[in-house]
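here you go, sequence then predicted model.
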Amino acid sequence: MLPDESFQSYFLDVFGRPQRISACECERVSEANLAQALHLLNSDEVQGKLSRAGARAEQMVKDPRPDAEKVDELFLWAFAHKPTSQQREIALAHIAKHAQNKKIAYENILWALINTKEFVFNQ
């Protein structure tokens, strides 16, 4: 929904921004590909969005609910289902490991969720 089609964004290009040569929806590419997966894994842009002030990781740290509820929310947000008991345990162990800086723990969990096959190929 950018008003200026000359806006440069590698992210938009990789994720199927059409060239606007025609009005046909067929111009848009929606299949997942390797470039998308690599961009999510390695992008400074994605990491910046995860770690910026006011981002979801910071919101989770400020949220007074128990960590288990917040982990459930992250899975619901990413996959539309709650984590398995094993997934929840792993996430909670990671949060406990980073008890001194929970923001880092939540950033890591979010990064891991958006880089799963389930998120990359089903969203």
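Cool, got the structure. Numbering: from 1, shown residues only.

name the spans of the protein whose pLDDT lies under the cut-off.
Counting by pLDDT under 70, the chain has low-confidence residues at 1-7, 10-11, 13-32, 39, 121-123.

where do the helices sit along it?
Listed in chain order, the helices of the chain (DSSP state H) span 10-14, 34-42, 44-51, 56-62, 67-79, 85-97, 102-114, 117-122.

which of those helices sits most buried?
Most buried of the helices of the chain by mean neighbour count (mean count of other C-beta atoms under 10 Å) is helix 102-114; its value is a mean of 19. (Glycine included, C-beta is placed from N, CA and C.)

touching that helix from outside, list them.
Outside helix 102-114, the residues that touch it by C-beta atoms under 8 Å, 6 or more residues apart in numbering are 40, 46-47, 50-51, 56-58, 60-61, 70-71, 74-75, 78-79, 91, 94-95, 97-98, 119-120.

now with 6 Å, please.
Contacts to helix 102-114, defined as C-beta atoms under 6 Å, 6 or more residues apart in numbering, come from residues 40, 50-51, 57-58, 60-61, 78, 91, 94-95, 98, 119.

need the contact partners of stretch 48-56.
107, 110-111.

okay, these in TSV with distance to residue 36 next?
Written out in TSV, the entries for the contacts of stretch 48-56 read as follows (distance: C-beta to C-beta, whole Å):
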residue	distance to residue 36
107	20
110	17
111	15
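
out of those residues, who's nearest residue 84?
Nearest to residue 84 among the contacts of stretch 48-56, counting by C-beta to C-beta, is residue 110 at 17.9 Å.
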